[in-house]
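>>> Quick one: sequence and predicted model below, then my questions.
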Amino acid sequence: GFVDGINVTDNQTSVVRMSSLSACVILKNMGLEPILQMVCRDRNRIALQNDILGAAALGINNILCLSGDHQKFGDHPQGKNVYDIDSIQLIQTVKRMRDEGKFIGGEEIKGKPMLFIGAAENPFADPFEIRAARLAKKVAAGCEFIQTQCIYNIDRFARWMEMVRERGLHERCAILAGVTPFKSVGMARYMKNNVPGMDVPDEMIERMKNTPKEKQAEEGIKICVETIEKLKEIPGVRGIHLMAIEWEEKVPEIVKQANLWPRPEV
């Protein structure tokens with residue numbers, strides 16, 4: 001296939017969707033490699049550990065530990081959140097269950113859940129100076145791979161990676177650099193102005209604006225491919241986290257143009 005794994009979101013943006021675990025099982029039965037996203041917003045520590053055991057029992061071996069978007073952004077703003085534990089504590093929980101065979105409360109588990117532990121990180125959130133330190137906390141908690149926020153400002157991401165390398169974090173976890181292709185100048189503007197923690201340079205907006213409307217989607221893919229090529233040159237980047245939002249059919253085209261497929265001989 002063109003990808004190594006597929007993210008399955010957990011009520012993304014606080015909008016009700018199919019259970020992440022159920023969707024992961026469907027993908028697994030299709031011969032694909034799912035990554036189970038699990039947020040702390042909707043479950044307490046009992047329910048989280050319950051689902052971790054269930055995922056492992058069903059052959060789901062990858063988990064992405066997230067805090068989860070606040071419910072006020074979704075379709076049930078009157079709902080109550082939980083946040084019994086946060087994403088770093090969730091990472092610690094999965095690691096303890098896997099490595100020590102114990103629940104949070106200390107009780108032993110018969111049969112350790114074998115899971116590859118991941119988390120997310122936003123190199124562009126403020127204050128910028130603490131972003132690498134926050135990643136260090138996640139790595140210390142047990143995180144083994146990181147998926148970053150969408151990258152448009154290469155220079156700022158490169159500075160973040162410098163801080164990551166100074167701490168040796170790139171050697172302790174696999175960093176997957178996030179990219180999302182623009183479909184239009186409208187999408188580019190929306191990402192810049194409405195998505196928290198997003199850094200879209202003005203010159204990128206201008207480039208999309210100066211492209212004829214019927215060619216903007218093609219230009220967006222071109223920008224995405226150029227970004228991937230630059231990311232491949234940054235030391236410490238282990239892979240690409242490609243988020244083609246409601247545009248999954250373009251994934252093969254993007255990975256081919258970016259020379260990510262066919263895979264290089266190793």
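Arrived safely.

>>> Count the residues that sit near Glu108.
9 (other C-beta atoms under 10 Å). C-beta: built from backbone N, CA, C; applies to glycine.

>>> what pairs with it across the strands?
Going by DSSP bridges, Glu108 is paired in beta bridges with Lys102.

>>> Report pLDDT for it.
Reported pLDDT at Glu108 in the predicted model: 98.

>>> quick one: it and Ala56, what's the gap?
15 Å (C-beta to C-beta, to the nearest Å).

>>> now do Trp160
33 Å.

>>> Next: Glu219.
Distance from Glu219 to Ala56, by C-beta to C-beta: 43 Å.

>>> Next: Arg45.
On the measure of C-beta to C-beta, Arg45 and Ala56 end up 17 Å apart.

>>> These two: which is more packed in?
More crowded of Arg45 and Ala56, by other C-beta under 10 Å: Ala56, with 21 against 17.

>>> check which helix or strand covers that one.
Per DSSP states H and E, Ala56 falls inside helix 45-57.

>>> ok now that helix, how far from the chain's centre?
20 Å (C-alpha atoms, centre = their mean, to the nearest Å).

>>> try stretch 223-233
18 Å.

>>> tell me the mean pLDDT for it?
pLDDT averaged over stretch 223-233 gives 98.

>>> That one: which residues count as buried?
223-225, 227-228, 230-231 (16 or more other C-beta atoms under 10 Å).

>>> could those residues go into TSV alongside distance to Gln49 and secondary structure?
What follows is the buried residues of stretch 223-233, written out as TSV (distance: C-beta to C-beta, whole Å; DSSP: H, G, I helix; E, B strand; the rest coil):
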residue	distance to Gln49	secondary structure
Ile223	42	helix
Cys224	38	helix
Val225	41	helix
Thr227	38	helix
Ile228	37	helix
Lys230	41	helix
Leu231	36	helix
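
>>> of those, closest to Thr93?
For these, the closest approach to Thr93 (C-beta to C-beta) belongs to Leu231, at 31.2 Å.

>>> Report the contact partners of that closest one.
151, 154, 157, 177, 179, 237, 240 (C-beta atoms under 8 Å, 6 or more residues apart in numbering).

>>> roughly how far apart are the nearest residue to the second one once chain neighbours are set aside and Cys150?
Spelled out, it's Ile154. Among residues not flanking Ile154 along the chain, Lys230 sits closest, at 5.2 Å (C-beta to C-beta, 6 or more residues apart in numbering). As for Lys230, its distance to Cys150 is 14 Å (criterion: C-beta to C-beta).

>>> Tell me where the chain has helices.
With DSSP state H as the criterion, the chain has helices at 20-29, 45-57, 87-95, 131-141, 154-166, 185-194, 202-209, 216-231, 251-257.

>>> and of the ones you listed, who's closest to Gln37?
Nearest of the helices of the chain (C-beta to C-beta): helix 20-29, 5.5 Å.

>>> Give the closest residue to Gly54 in space, chain neighbours not counted.
In space, Gly54 comes closest to Leu21 once its chain neighbours are excluded; the distance is 6.3 Å by C-beta to C-beta, 6+ apart.

>>> what's the one you found in contact with, if anything?
With contact taken as C-beta under 8 Å, 6+ apart, Leu21 is in contact with 36, 51, 54-55, 58, 60.

>>> Can you go through those residues and name the buried ones?
36, 51, 55, 60.

>>> Am I right that the third one is in contact with Leu36?
Right, Ala55. Yes - counting by C-beta atoms under 8 Å, Ala55 sits close enough to Leu36 to count as a contact (5.4 Å).

>>> overlap in contacts of those two?
21, 24, 63.

>>> Fine by me, we can end here.
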